[in-house]
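# the following block contains a protein sequence and its predicted model.
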2 protein chains.
Amino acid sequence: MELTAMGKAAKAAALRLNTLGTQAKDRVLSAMAQALMDHMEEILAANALDMEAAGENGVPPVMLDRLRLDEARVAAMAQGLRDVIALPDPTSETDYMVERPNGLNIGKRRVPLGVIGIIFEARPNVTADAIGLCVKSGNACILRGGKEAIHSNLAIAGVMDRAAQAAGYPEGGIQILSDTSREAAQEMMRMNGYIDVLIPRGGAGLIQSVVQNATVPVIETGVGVCHTFVDASADLPMAAEIAVNAKVSRPSVCNSMETLLVHRDVADVFLPMVFPMLEERNVELRCCARSLPYAQKGVAAIPENYDTEYNDLILNVKVVDGLPEAVEHINAHGTRHSEAIVTRDYDSAQTFLAAVDAAAVYVNASTRFTDGGEFGLGAEIGISTQKLHARGPMGLKELTTYKYVIYGQGQIR
Amino acid sequence: MELTAMGKAAKAAALRLNTLGTQAKDRVLSAMAQALMDHMEEILAANALDMEAAGENGVPPVMLDRLRLDEARVAAMAQGLRDVIALPDPTSETDYMVERPNGLNIGKRRVPLGVIGIIFEARPNVTADAIGLCVKSGNACILRGGKEAIHSNLAIAGVMDRAAQAAGYPEGGIQILSDTSREAAQEMMRMNGYIDVLIPRGGAGLIQSVVQNATVPVIETGVGVCHTFVDASADLPMAAEIAVNAKVSRPSVCNSMETLLVHRDVADVFLPMVFPMLEERNVELRCCARSLPYAQKGVAAIPENYDTEYNDLILNVKVVDGLPEAVEHINAHGTRHSEAIVTRDYDSAQTFLAAVDAAAVYVNASTRFTDGGEFGLGAEIGISTQKLHARGPMGLKELTTYKYVIYGQGQIR
């Protein structure tokens, strides 16, 4: 089987990567960045094939834009790799070392996860980004991109792998599936013993398929039904700015707001303030019975609305009786991604932070900040919405695990 | 469905547990310990039913001993709960908090995982231990024990749950399946949305069944094919002590040694030293061609031996040409649990620690130390052999995750 052979090669590479130092990895990143620039024509020619096929298949314009590469976008990928060089090596740390009463010195050393599988959709820049983060963290990777971008992905990964090997990276450390069939993806999801963790990046359908079918450990990413709760004590102009930003600054991403919750005590002041700001930015409002009268063009919300990730200029609005109802609504309908309260009340802030179950909980800020760069983690490989291993933005450290290292002098038990 | 109702109750309890403080949880632990003592007769009577059924079903003596409870064993369970009170609350920490350039203060706060599912076999003391660790870490738990111990498990969990609720613990926070069918276990493995993590504790068959069938995140535990490599420069009497300890001190546990690797340069001195020590302790030796001549009653090893967890007084022996072959053998046949080198050579020690892929790597000590208590983690809920989330002994901290807590002053992006 092609995939088993790939798995074995990745495993062998991962074992060699355990002892590859930071300087060697940085040289590989630099060589890959240069190779992307040197092979610009080859990459753009491959992308042209994808664009042609997409055009013939009637792919919608927004998808076409995601798929399209040009010189600036390839240069941005190369720059992204150079930026990763500047980040600290996450495997250079020992979290702690203690001497036990029996004299054993026990330390917890950061090490690469091993082999990371990444299953992703459309955008070919994910190929370069993912390879860069895996190289810096010392992980072998097996990528499986969507069929729309297959020529671009193979070209990018091929250029990067050749440059990496020439710079001393082990063979098998960077691999990509040329087979974009569903069967190959399913087989990849069950490569226990070869893949240490699988990260799906894409829409809800892809992620659910991986969660349901994978037997290797998975980090679930991405779906975001995020809320902003405007408390009775909120600075209302601040709340309006935050709400508008959370909805309209980039509605297509997972950290944008889908539902605005408003304390009943301020609804009659706040809604007439924020609704015009939203509607003039073409936000379509889906309102509860108490908020609907304040909307110019709003429609009545149906229950399913509150569980929907629109990724679009659509917003649910609900007036709640207070903080407890807001927390209850969020814990029932949120996807454990990013949740915010706007308040001037100390207790409300602390209660919200403690009681809301999400990867990122905010007081007086836009949920749009949930991002590896904004959190100071450097580049990110995705945003985890599960609780195991990593939660929220995953940077280089989240691509590592640890091993206990024990120095003895003959101790027995 | 019974299980769905249990899942909903657990989820509701988990949300309430997010805001339960350390003192309140410690009071619950204390009440549960007292309740075990107060209901001694009820628990022993339930255990008698299990013992009777086991006797009728011809359960082997070693299993009967694991199943059996007496006053001392129940008192030990109660003491175990009191010991957990003394451990620090893992959810009381914020790993760090930083102020970003835009003024956002971003902290990483430790929080409970939520709902933990535990599927385990025979020994009823696991019920009390697991509940204690889940209470201290603020997690709701759903337990599913084996049918052999069902009366004991239901009695113990019932006594503890009633005492916990009387002391203020939320209803649904401690639950156990009365249905021990395979179907119920399979359903539990697919309770996405209700169970945040599933921990199987038991033999290889149970663990593989969970890994293959679960759609909720799993922490794989336990199987240990552990090695000790005696390097050319080893202090040979120390090496012999370590090898004997690693094999015979408790052969039934996962951190005991299954294979002894010996550098060829010292085989003719070391094997005549260690083999009699092992054979006089009734260890059955399965030897490679180069080591077999030194054994009194050894047999020739077959390839499968090197991949077998005996959990018994059986030991594979292999003479290797040096450190590289030892590392290669361990990475090919080990289960990423605990691996040791005995050496006086600095470079050999450091190379072994870096190149061997395992949860715990030792220099000059017995692999038998891989244990939560020995590592200073307090009680343990299992030993992870996967790389995601937790590796090696899992204590209270490994039953937590984190949330990003962000304090703003109106920041938008």
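That came in fine, so what should we check first? It should be emphasised that the depicted structure is a prediction, and the values quoted were computed from it without experimental measurement.
# what's the lowest-mean-pLDDT helix or strand in chain A packed up against?
Ranking every helix and strand in chain A by mean pLDDT, DSSP states H and E puts helix A:61-67 at the bottom, with a mean of 86. Packing contacts for helix A:61-67, counted by 3 or more C-beta pairs under 8 Å, 6 or more residues apart in numbering or on different chains; DSSP states H and E, involve helix A:40-56. For glycine as for every other residue, the C-beta is placed from the backbone atoms N, C-alpha and C.
# buried set for the helix it packs on?
Neighbour-count burial for helix A:40-56, counted by 16 or more other C-beta atoms under 10 Å in any protein chain shown, picks out A:40, A:43, A:44, A:46, A:47, A:50, A:51, A:53, A:54.
# ranges for the strands of the stretch 201-350 of chain A?
For the stretch 201-350 of chain A, strands defined by DSSP state E, counting those that start in this stretch occupy the ranges A:226-230, A:257-263, A:284-287, A:299-300, A:314-320, A:338-342.
# any chance of CSV for those strands, columns mean pLDDT, distance to chain B and mean neighbour count?
Converted to CSV, the strands of the stretch 201-350 of chain A look like this (pLDDT from 0 to 100; distance: least, C-beta to the nearest C-beta, whole Å; neighbours: other C-beta atoms under 10 Å in any protein chain shown):
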stretch, mean pLDDT, distance to chain B, mean neighbour count
strand A:226-230, 98, 11, 28
strand A:257-263, 98, 12, 28
strand A:284-287, 98, 20, 21
strand A:299-300, 98, 27, 12
strand A:314-320, 98, 16, 24
strand A:338-342, 98, 8, 31
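# could those be laid out in CSV, adding distance to residue A:174?
CSV is the format used below for the strands of the stretch 201-350 of chain A (distance: least, C-beta to C-beta, whole Å):
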stretch, distance to residue A:174
strand A:226-230, 34
strand A:257-263, 37
strand A:284-287, 44
strand A:299-300, 49
strand A:314-320, 40
strand A:338-342, 32
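# neighbours of residue A:140, just the number please.
Using other C-beta atoms under 10 Å in any protein chain shown, residue A:140 has 32 neighbouring residues.
# who are the contact partners of it?
Applying C-beta atoms under 8 Å, 6 or more residues apart in numbering or on different chains, we find residue A:140 in contact with A:10-11, A:13-14, A:17, A:114-116, A:134, A:170, A:172-175.
# most neighbours, which of the residues you listed?
residue A:115 (32 neighbours).
# so what's it bridging to?
residue A:140 (DSSP bridges).
# which ones are touching it?
Contacts of residue A:115 by C-beta under 8 Å, 6+ apart are A:7, A:10, A:11, A:14, A:139, A:140, A:141, A:142, A:194, A:195, A:196.
# shaky segments in the stretch 251-400 of chain A?
Residues of the stretch 251-400 of chain A meeting the criterion pLDDT under 70: none.
# near chain B, which residues of it show up?
A:331, A:349, A:351, A:353-355, A:357-366, A:368-370, A:374-376, A:386-389, A:391-392 (C-beta under 8 Å from any C-beta of the partner chain).
# give me the buried entries from the residues you listed.
Using 16+ other C-beta under 10 Å, the buried ones in these are A:331, A:349, A:351, A:353-355, A:357-366, A:368-370, A:374-375, A:386-389, A:391-392.
# sorry, back to before: just send the contacts of residue A:140 back as CSV, with pLDDT too.
Conversion of the contacts of residue A:140 to CSV gives the following (pLDDT from 0 to 100):
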residue, pLDDT
A:10, 98
A:11, 96
A:13, 97
A:14, 96
A:17, 95
A:114, 96
A:115, 97
A:116, 97
A:134, 97
A:170, 97
A:172, 97
A:173, 98
A:174, 98
A:175, 98
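# in helices, which of these fall?
Of the contacts of residue A:140, the ones assigned to helices by DSSP state H are A:10, A:11, A:13, A:14, A:17, A:134.
# residue of the stretch 251-400 of chain A closest to chain B, please.
residue A:365 (2.9 Å; C-beta to the nearest C-beta).
# if we ignore the residues flanking it in sequence, what's nearest that residue?
residue B:408 (2.9 Å; C-beta to C-beta, 6 or more residues apart in numbering or on different chains).
# just checking: what are the partner strands of whichever strand or helix holds that neighbour?
Using DSSP states H and E, residue B:408 sits within strand B:400-411. Its sheet considered, strand B:400-411 pairs with strand A:360-365 (parallel), strand B:105-112 (antiparallel) by DSSP bridges.
# farthest-separated two in the contacts of residue A:115?
A:7 and A:139 (13.9 Å; C-beta to C-beta).
# out of the residues of the stretch 251-400 of chain A next to chain B, which sit inside strands?
Counting by DSSP state E, the members of these that fall within strands are A:360, A:361, A:362, A:363, A:364, A:365, A:392.
# and the helix or strand hosting residue A:119, how far from the chain's centre?
Taking DSSP H and E as the definition, residue A:119 sits inside strand A:115-120. Averaging C-alpha positions (C-alpha atoms, centre = their mean, to the nearest Å) puts strand A:115-120 13 Å from its chain's average.
# next one: stretch A:369-386
Using C-alpha atoms, centre = their mean, the offset of stretch A:369-386 from its chain centre is 6 Å.
# also stretch A:117-124?
Worked out by C-alpha atoms, centre = their mean, stretch A:117-124 lies 12 Å from the chain centre.
# relative orientation of the following helix or strand past the least confident helix or strand of chain A and helix A:40-56 in degrees?
Next in sequence after helix A:61-67, counting helices and strands by DSSP H and E, comes helix A:71-86. Relative orientation of helix A:71-86 and helix A:40-56, computed by axes from the mean of the first three to the mean of the last three C-alpha atoms, to 10 degrees: 120 degrees.
# which residues does helix A:71-86 contact?
With C-beta under 8 Å, 6+ apart, helix A:71-86 has contacts from A:26, A:29-30, A:32-34, A:36-37, A:40, A:43-44, A:125, A:128-129, A:132-133, A:135-136, A:156, A:378-379, A:396.
# which members of those residues are classed as buried?
A:26, A:29-30, A:32-33, A:36, A:40, A:43-44, A:125, A:128-129, A:132-133, A:135-136, A:156, A:378-379, A:396.
# out of the residues you listed, which are inside helices?
A:26, A:29-30, A:32-33, A:36, A:40, A:43-44, A:125, A:128-129, A:132-133, A:135-136, A:156.
# near chain B, which of these show up?
Within those, nothing lies near chain B by C-beta under 8 Å from any C-beta.
# got a list of what residue A:175 touches?
A:6, A:9, A:10, A:140, A:141, A:142, A:143, A:157, A:161.
# same check, this time on residue A:116
A:134, A:139, A:140, A:141, A:142, A:195, A:196, A:197, A:198, A:199, A:399.
# which of the residues you listed has the most neighbours?
Result: residue A:140 is most packed of the contacts of residue A:116 (other C-beta under 10 Å), 32 neighbours.
# which pLDDT value belongs to that one?
According to the prediction, residue A:140 has pLDDT 98.
# again, but for residue A:1
Taking residue A:1 on its own, its pLDDT is 56.
# now do residue A:121
85.
# one step back: and of the buried residues of helix A:40-56, the nearest to chain B?
residue A:47 (30.0 Å).
# format the contacts of residue A:115 as a markdown table; extra columns: distance to residue B:222.
Output for these, formatted as a markdown table (distance: C-beta to C-beta, whole Å):
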| residue | distance to residue B:222 |
| --- | --- |
| A:7 | 23 |
| A:10 | 25 |
| A:11 | 21 |
| A:14 | 23 |
| A:139 | 25 |
| A:140 | 26 |
| A:141 | 28 |
| A:142 | 27 |
| A:194 | 21 |
| A:195 | 20 |
| A:196 | 17 |
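# just these now: which is nearest residue A:235?
When the contacts of residue A:115 are ranked by distance to residue A:235 (C-beta to C-beta), residue A:139 comes first, at 44.8 Å.
# count the neighbours of the residue of the stretch 101-250 of chain A found nearest chain B for me.
Residue of the stretch 101-250 of chain A nearest chain B, by C-beta to the nearest C-beta: residue A:245 (3.6 Å). Residues within reach of residue A:245, counting by other C-beta under 10 Å, total 22.
# now residue A:180
Residue A:180 has 16 neighbouring residues, counting by other C-beta under 10 Å.
# residues contacting it?
A:144, A:145, A:146, A:147, A:150.
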